[in-house]
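Q: got a predicted structure here, sequence first:
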Amino acid sequence: MSSFKTVLRKIKYNLIYFFGSDLKYPSNFRFFIRRDTTFQKFINQNCRPNPNEMVDLNNIKIFGQHSKQYVLTNDIFTNYKFSNKKLKPAYFNIADVKVPYEASRLQYLQKAKSGNIDVSSFPLIYWNSPMDVAIRNINLIFHLFAIEDSIETSKILGNNKELLSSYISEHYEFIISNLENRGNVVGNHYLIELTSILLTIASFNFENDKKEFLYFENELNSELNKQFYEDGTSFEGSTHYAAFVTEALIICKLAIEEVDSQSKVLPKIDEIITTNKIFLRKLMINGELSQVGDNDSGRLFYFEFDEEAPLQMTWLINLIDKLYPKFDWLNIEKKFNFEIKSKTPSLEQMPKVSHKKIKIFTKDYESYCFNDFGLYVWRNNDEFFSLRCGTIGQNGIGGHSHYDQLSIESYSNSRWITRDPGTGTYTDDINIRNKFRSLEYHWGPKANIKIPKEDEFDCFRLNYMGDGHTLIFNKNNFLGFAEFNGKRIYRKISIYDGEVLIEDFSNDVDLEEYISWGEDNNGIKVLFSNGYKRIN
């Protein structure tokens with residue numbers, strides 16, 4: 001039963017929504033004329049699917065679930081039908097609005113070889129999320145590029161280029177009229193909208209295009225300063241969102257270069273993309289990207305994304321390599337080969353537990369310090385150990401962060417020993433949402449810490465965990481601490497002769513020992529989510 005406080009919050013939420021302004025649906029659309037451009041060659045040459053992986057529009061997959069419809073007004077996981085009237089942004093504990101949002105993106109246009117899409121049948125919910133409209137616009141432009149290059153593909157608006165250009169104009173006006181650039185967190189939603197806008201301007205001539213390019217280029221530059229740390233990693237607090245925004249910046253790079261090859265924002269974009277190639281690559285095992293923080297499986301370059309293996313991300317690494325064919329990657333990698341040594345407290349008098357040692361390294365390894373993001377990695381080609389300790393994402397809001405400070409992942413001898421649980425789902429089941437974010441699902445300190453129950457209004461906020469603080473980091477050692485609901489815990493890592501010894505210390509809470517890890521359960525502590533809504 002909902003608490004009285006939650007009931008009041010729901011009433012306030014509904015009243016604000018009921019009397020609040022709707023999204024703006026522009027009635028006037030500018031006339032778009034296709035520019036004489038070259039950047040689409042990169043997309044057409046490098047972003048085409050394997051012919052054996054082309055999809056049928058009558059048998060697509062949404063978060064891994066088969067659907068025989070490309071127009072959805074329901075949650076195919078629960079069969080809940082959404083109203084085609086004024087919509088709320090989330091249906092807490094009822095249904096997952098992200099399901100029709102995902103279908104609305106038209107990302108399967110990148111893989112569909114044939115079939116027809118009827119835009120007149122699109123429901124109102126397809127225009128309910130500006131970011132998802134922005135992603136659909138990106139896919140419409142990619143589709144136009146494919147038509148221009150005579151690539152065999154499905155049909156939308158009969159693949160009439162003038163009609164498609166007009167439809168893209170409609171999307172563009174909607175996006176710039178409904179930008180998600182206000183609120184407690186301005187993050188990936190606004191970045192994706194800027195990406196769609198810049199791609200549109202780079203692809204078409206229309207009234208005021210030059211003025212709007214300069215404005216939105218400046219907006220992008222401002223967001224790069226806000227949404228990325230000094231070392232180039234993302235402030236979202238999530239590895240898969242880091243991949244998502246890296247995709248966005250690849251598109252931004254291509255678009256801005258087309259309009260102004262001397263743009264001052266391009267070096268900054270290059271630095272972020274190349275940094276994230278190294279960051280993401282160091283967090284991949286057998287091509288699968290670690291799931292620190294949320295993973296909603298969102299993609300812009302869908303051409304090689306595998307709904308059956310959503311953690312596989314080598315295609316993104318390969319795409320970046322094609323974008324920078326002669327880049328000095330070793331120089332970028334070196335900036336993460338540094339140590340941390342700060343003043344440390346005496347731990348001798350603190351109660352401690354020593355956990356079962358983990359046998360990891362059978363050969364030499366390197367250490368990587370992603371201090372700004374809050375991840376520390378020890379690895380070679382085949383063996384991997386990581387620890388999470390750092391700032392909570394989104395400047396402390398933690399919308400896509402989990403209760404994972406001081407938690408570890410480890411892989412050796414071709415098997416997982418400890419693994420991050422993933423995401424589960426978002427708003428449709430707050431209980432599952434909170435479990436997959438919880439201490440109990442992560443391989444952090446084992447302590448009896450009671451986290452107050454968090455309701456639907458906290459599902460994109462962390463209230464009871466502080467930033468992690470790293471005191472020592474080098475090839476053989478780590479020492480850091482974090483506070484969980486006001487209880488401070490230190491975690492010490494020592495690596496000798498290929499074995500990892502983990503010790504936890506605290507004066508604030510009783511600690512328990514891990515007498516075994518997840519080596520007999522593929523590294524899973526409780527449950528595992530192999531991408532959004534994919535729960536074992």
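A: Structure's in. What do you need? Residues are numbered from 1 along each chain as shown.
Q: regarding L387, what is its secondary structure?
A: At L387, secondary structure determined by DSSP: H, G, I helix; E, B strand; the rest coil is strand.
Q: so what's Y25 scoring on pLDDT?
A: Y25 carries a pLDDT score of 87 in this model.
Q: burial of it, as a residue count?
A: Neighbour count for Y25, taken as other CB atoms under 10 Å: 12. All C-beta atoms are positioned from the backbone trio N, CA, C, and that covers glycine.
Q: which residues touch it?
A: For Y25, the contacting residues are W127, F174, S177, taking CB atoms under 8 Å, 6 or more residues apart in numbering as the criterion.
Q: and those, which are buried?
A: When neighbours are counted using 16 or more other CB atoms under 10 Å, the contacts of Y25 contain these buried positions: W127, F174.
Q: out of the contacts of Y25, flag the one nearest to L330.
A: Proximity of those to L330 was ranked by CB to CB; the top entry is F174 with 44.3 Å.
Q: remind me which helix or strand the closest one belongs to.
A: helix 161-177 (DSSP states H and E).
Q: average model confidence for that helix?
A: Here the average pLDDT along helix 161-177 is 97.
Q: over to stretch 293-312?
A: 95.
Q: so which bits of that stretch are buried?
A: For stretch 293-312, a neighbour-count test (16+ other CB under 10 Å) marks 293-305, 307, 310-312 as buried.
Q: next, the distance between the ends of stretch 498-512.
A: Across its full length, stretch 498-512 reaches 24 Å end to end, with CA to CA, to the nearest Å as the criterion.
Q: residues of that stretch that come out buried?
A: Buried residues in stretch 498-512, defined by neighbour count with 16+ other CB under 10 Å: G498, V500, I502, E503, D504, F505, S506, D508, V509, L511.
Q: any idea where the strands of the stretch 201-350 of the chain begin and end?
A: With strands called from DSSP state E, counting those that start in this stretch, the stretch 201-350 of the chain shows them at 204-205, 284-285, 288-289, 340-341.
Q: so, low pLDDT: which residues of this protein?
A: Along the chain, the model assigns pLDDT under 70 to residues 1-2, 13-14, 16-21, 85-89.
Q: residue for residue, what is the longest strand it has?
A: Taking residue count as the measure and DSSP state E as the definition, the longest strand of the chain comes out as strand 487-496.
Q: which strands and helices sit next to the helix or strand that that strand is followed by?
A: Moving toward the C-terminus from strand 487-496, the first helix or strand encountered (DSSP H and E) is strand 499-505. With contacts defined as 3 or more CB pairs under 8 Å, 6 or more residues apart in numbering; DSSP states H and E, strand 499-505 has these neighbours: strand 352-354, strand 358-359, strand 487-496.
Q: to D96, which of these lies closest?
A: Shortest separation from D96 across these is recorded for strand 487-496, at 33.6 Å, computed as CB to CB.
Q: tilt between that closest one and strand 499-505?
A: With axes from the mean of the first three to the mean of the last three CA atoms, to 10 degrees applied, the angle from strand 487-496 to strand 499-505 works out at 160 degrees.
Q: who does strand 487-496 pair up with?
A: Sheet pairing here is set by DSSP bridges, and for strand 487-496 it gives strand 477-484 (antiparallel), strand 499-505 (antiparallel).
Q: okay if I get these as JSON lines plus distance to E148?
A: Formatted as JSON lines, the entries for the strands paired with strand 487-496 read as follows, by distance: least, CB to CB, whole Å:
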{"stretch": "strand 477-484", "distance to E148": "52"}
{"stretch": "strand 499-505", "distance to E148": "54"}
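Q: what about the nearest residue to S129 once chain neighbours are set aside, neighbour count?
A: By the measure of CB to CB, 6 or more residues apart in numbering, the closest residue to S129 outside its immediate chain neighbours is Y101, 5.3 Å from it. By other CB under 10 Å, 22 other residues sit near Y101.
Q: repeat for L330
A: When counting by other CB under 10 Å, one arrives at 8 neighbours for L330.
Q: next, find the distance separating the nearest residue to F63 once chain neighbours are set aside from A112.
A: Across the structure, with CB to CB, 6+ apart as the measure, the residue nearest F63 apart from its sequence neighbours is K533 (4.3 Å). If you measure K533 against A112 using CB to CB, to the nearest Å, the figure is 22 Å.
Q: try Q405
A: Counting by CB to CB, the gap from Q405 to A112 is 43 Å.
Q: nearest to D328, out of the helices and strands packed on strand 499-505?
A: strand 487-496 (29.3 Å).
Q: now do the buried residues in that closest one.
A: Of the residues in strand 487-496, those buried (16+ other CB under 10 Å) are K487, R488, I489, Y490, R491, K492, I493, I495.
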